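[1] all I have is the shape, not the residue letters:
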């Protein structure tokens, strides 16, 4: 659980300035997690997922944190579970 919290903090730090509200920040990060985990489930490698996130404008620290989350910390979770779990955590921390 500690690594999950650290991962979430790394994800949130670079996104704060690019959105209007905390919920928008959380939603954007959740969508990125969902699509990265979907790529994982379709057979993408960690390197491929991280490169895809970088090409979509994700900062390197955020892309690495998502890669760690979906491949190391929670490889057994579905994309929807990961996105929902992150969104709930993120919005509760932002309140």
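    Noted; the coordinates are in hand. Keep in mind the model is a prediction, meaning the values are calculated, not measured.

[2] and the helix with the most length in the chain, what does it pack onto?
    Identified as the longest helix of the chain according to DSSP state H is helix 22-41. Packed against helix 22-41 by the contact rule (3 or more Cβ pairs under 8 Å, 6 or more residues apart in numbering; DSSP states H and E) you find helix 2-15, helix 46-55, helix 60-68, helix 79-94. (Glycine included, C-beta is placed from N, CA and C.)

[3] got a list of what residue 67 touches?
    Residues in contact with residue 67, defined by Cβ atoms under 8 Å, 6 or more residues apart in numbering, are 36, 46, 49, 50, 53.

[4] between those residues, which is nearest residue 83?
    Comparing those against residue 83 with Cβ to Cβ places residue 36 closest, at 9.6 Å.

[5] quick one: least confident helix or strand in the protein?
    helix 2-15 (a mean of 51; mean pLDDT, DSSP states H and E).

[6] list the residues that contact the residue minimising distance to the centre of the chain.
    Against the mean C-alpha coordinate of the chain, by Cα atoms, centre = their mean, the closest residue is residue 33 at 3.8 Å. Taking Cβ under 8 Å, 6+ apart, we find residue 33 in contact with 66, 69, 70, 79, 82, 83, 86.

[7] I'd assumed residue 40 was in contact with the fifth one.
    So that's residue 82. No: taking contacts as Cβ atoms under 8 Å, residue 82 lies outside contact range of residue 40: 9.6 Å.

[8] common neighbours of those two, please.
    Joint contacts of residue 82 and residue 40 (Cβ under 8 Å, 6+ apart) are residue 70.

[9] for residue 78, what are its contacts?
    The contact partners of residue 78, by Cβ under 8 Å, 6+ apart, come to 37, 41.

[10] ok, it to residue 59 distance?
    25 Å (Cβ to Cβ, to the nearest Å).

[11] ditto for residue 26
    In terms of Cβ to Cβ, residue 26 sits 16 Å off from residue 59.

[12] compare the two (neighbour count), which wins?
    residue 26 (24 against 16; other Cβ atoms under 10 Å).

[13] roughly how far apart are the closest residue to the more buried one other than its chain neighbours and residue 59?
    Nearest residue to residue 26, sequence neighbours excluded (Cβ to Cβ, 6 or more residues apart in numbering): residue 90, at 3.6 Å. Distance, residue 90 to residue 59, by Cβ to Cβ: 16 Å.
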